[in-house]
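Q: Give the three-dimensional model of this entry:
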Amino acid sequence: MREKGKRPFRKKEDGDRESPRSGDKRPAGRNTKPLGGKGKKRPAEAEEKKPPRLNQYIARAGVCSRREADELIASGKVKVNGRVVREMGMRVHRDDKVEYEGNVLRGETLRYVLLNKPKGFIVNVKDEKGRKTVMDLVKNACAERLYPVGRLERDTTGLLLFTNDGDLARQLTNPATKVKQIYHVYLDKPMLEADIETLMGGIELAGDKVKPDVVNYVQEVEDGTQLGAQFHSGRNTFVRGMFEHFGYKVEKLDRALYANLTKKDIPRGKWRFLKDKEIALLKVMVGKTKKKA
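A: Purely as a prediction, here's the structure:
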């Protein structure tokens, strides 16, 4: 049942603008580009490109030229994963840690892309069965190779974050971070208030005790078939399972909010780069979690 004093979940269409908050100036991030993935295309083989060589990685990090990087490597001033490396042709993989003079180097620009995922796309880098993946939608976003943060089922729509920032991705998908998520749930029939009350008390699914933070009827839909459900953790499949547990069929599931991110100005199937302020807020959020741990 709706909690007293809580505003009902308000339905928002894809790409709807939100009312600006007083004093909230949102400067566009330097990575901002037009929606829709339009822009410079990568070569067709970009998804399969080999990891960069160590000298190239150092040069991309802005330390020096490739030729000068060869000299640094030969002189034993570069470490990879804690050990001195003198192989100039060594390839640096995504999870490798490269250090020069005690500083960890970034071999590429960190990118953060937010997609409003449409139905029918697998959340995977590749699919063995040749089905469409979300990578098809963001492949032209940037030259860097992106990875989806977390998962959504094939027919679940809504917000999905991509990045090549492995540290942030791991922290966001760590249950201890308790990332706030809001789903718009469409049911085949009205949900009884008694069932909502039971759900709010927690139920057992697949051997785990699960419960939403808040469940409210959508304000503009009076028949009780649409709800807003807020969670701080849990798999996408659990969201469906919570309602199916009571005999309701989830006809549509849409993630309307992820952490501090919304679908504002992102039509279905389109993407945009995160603004600098949004990236900073994400890092502050996961940073607070790390301190508590």
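Q: Can you work out which other helices and strands pack against the host helix or strand of residue 228?
A: Assessed by DSSP states H and E, residue 228 sits inside strand 226-231. Counting contacts by 3 or more Cβ pairs under 8 Å, 6 or more residues apart in numbering; DSSP states H and E, strand 226-231 is packed against strand 181-187, strand 214-217, helix 236-244. Bear in mind the C-beta positions are built from the backbone N, C-alpha and C, glycine included.
Q: Now with 10 Å, please.
A: strand 181-187, helix 193-201, strand 214-217, helix 236-244, strand 250-258 (3 or more Cβ pairs under 10 Å, 6 or more residues apart in numbering; DSSP states H and E).
Q: partners of the first one, with directions?
A: Which is strand 181-187. strand 226-231 (antiparallel), strand 250-258 (antiparallel) (DSSP bridges).
Q: what about the helices in the chain?
A: For the chain, the helices defined by DSSP state H cover 54-60, 66-74, 135-138, 166-172, 193-201, 236-244, 276-292.
Q: Indicate which one of those helices is closest to residue 113.
A: helix 135-138 (5.5 Å; Cβ to Cβ).
Q: Just the buried positions in the closest one, please.
A: Using 16 or more other Cβ atoms under 10 Å as the test for burial, helix 135-138 gives 135, 137, 138.
Q: Tell me the helices and strands packed up against it.
A: Counting contacts by 3+ Cβ pairs under 10 Å, 6+ apart, helix 135-138 packs against strand 112-117, strand 147-148, strand 157-163.
Q: By mean pLDDT, show me the worst of the ones you listed.
A: In terms of average pLDDT, strand 147-148 trails the rest of the helices and strands packed on helix 135-138, at a mean of 93.
Q: how far is it from where the chain is centred?
A: Distance of strand 147-148 from its chain centroid, counting by Cα atoms, centre = their mean, to the nearest Å, is 7 Å.
Q: And for residue 169, nearest residue in space, chain neighbours not counted?
A: Excluding the flanking residues, the one nearest residue 169 by Cβ to Cβ, 6 or more residues apart in numbering is residue 149, at 4.8 Å.
Q: how near is the one you found to residue 113?
A: 10 Å (Cβ to Cβ, to the nearest Å).
Q: got any residues that touch both of these two?
A: 160, 161, 162, 163 (Cβ atoms under 10 Å, 6 or more residues apart in numbering).
Q: With distance to residue 50 and neighbour count as extra columns, can I get the residues you listed in JSON lines?
A: Formatted as JSON lines, the shared contacts of residue 149 and residue 113 follow (distance: Cβ to Cβ, whole Å; neighbours: other Cβ atoms under 10 Å):
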{"residue": "160", "distance to residue 50": "27", "neighbour count": "24"}
{"residue": "161", "distance to residue 50": "26", "neighbour count": "22"}
{"residue": "162", "distance to residue 50": "21", "neighbour count": "24"}
{"residue": "163", "distance to residue 50": "21", "neighbour count": "22"}
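Q: just those now: which is nearest residue 82?
A: Sorting the shared contacts of residue 149 and residue 113 by distance to residue 82 puts residue 163 at the head of the list, at 24.7 Å, by Cβ to Cβ.
Q: so where is this protein shaky, pLDDT-wise?
A: Along the chain, the model assigns pLDDT under 70 to residues 1-9, 11-13, 15-49, 62, 233-236, 288-293.
Q: Of all residues in it, which one is nearest the centre?
A: residue 161 (2.4 Å; Cα atoms, centre = their mean).
Q: ok, it touching residue 112?
A: Yes. Residue 161 lies in contact with residue 112 (Cβ atoms under 10 Å); the separation is 7.0 Å.
Q: would you list the shared contacts of residue 149 and residue 113 in CSV and tack on distance to residue 131?
A: Formatted as CSV, those follow (distance: Cβ to Cβ, whole Å):
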residue, distance to residue 131
160, 16
161, 21
162, 18
163, 23
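Q: Which single one of the residues you listed is nearest to residue 84?
A: residue 163 (30.0 Å).
Q: Just list the residues touching the residue in the chain sticking out farthest from the centre, thanks.
A: Distance from the C-alpha centroid of the chain peaks at residue 75, with 40.2 Å (Cα atoms, centre = their mean). Residue 75 sits next to 84, 86 when contact means Cβ under 10 Å, 6+ apart.
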